[in-house]
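S.K.: heads up, no residue letters with this:
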């Protein structure tokens, strides 16, 4: 039970860090650089699958 709680806490922390990074990189997206956006999307997909187990 403590293991799953740690895991959910860890994934939540990762999500907030990722969100902060996306918000910080916001101005770059406005310039038309979407490569970072796709990179973050791929990261989200990978980690959601990993933490979903």
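M.R.: Arrived safely. As the structure is a prediction and not an experimental result, all values here were calculated from the model. Residues are numbered from 1 along each chain as shown.

S.K.: longest helix in this structure, by residue count?
M.R.: The longest helix of the chain (DSSP state H) is helix 2-24.

S.K.: can you list contacts of that helix?
M.R.: With CB atoms under 8 Å, 6 or more residues apart in numbering as the test, helix 2-24 has contacts from 37, 40, 43, 44, 47, 51. From N, CA and C alone the C-beta is placed, and that goes for glycine too.

S.K.: would you point out the most distant pair within those residues?
M.R.: Greatest spatial distance in those: 37 and 51, 21.1 Å, computed using CB to CB.

S.K.: what does the pLDDT read for residue 37?
M.R.: The model reports residue 37 with a pLDDT of 72.

S.K.: look at it and say how many residues are nearby.
M.R.: 13 (other CB atoms under 10 Å).

S.K.: try residue 12
M.R.: Neighbour tally, residue 12, other CB under 10 Å: 11.

S.K.: against residue 21, how distant is it?
M.R.: 15 Å (CB to CB, to the nearest Å).

S.K.: do the same with residue 45
M.R.: Distance, residue 45 to residue 21, using CB to CB: 16 Å.

S.K.: then residue 13?
M.R.: 13 Å.

S.K.: likewise for residue 50?
M.R.: 18 Å.

S.K.: how about residue 11?
M.R.: 15 Å.

S.K.: pLDDT weak spots in this protein?
M.R.: Scanning the chain for pLDDT under 70 picks out 1-7, 25-34, 52-53.

S.K.: and if we set it to 80?
M.R.: Within the chain, the ranges that satisfy pLDDT under 80 run 1-15, 17-40, 44, 48, 50-53.

S.K.: number of residues surrounding residue 51?
M.R.: Residue 51 has 14 nearby residues by other CB under 10 Å.

S.K.: that one is in what secondary structure piece?
M.R.: helix 35-52 (DSSP states H and E).

S.K.: for that helix, packing partners?
M.R.: On a contact count with 3 or more CB pairs under 8 Å, 6 or more residues apart in numbering; DSSP states H and E, helix 35-52 meets helix 2-24, helix 26-30.
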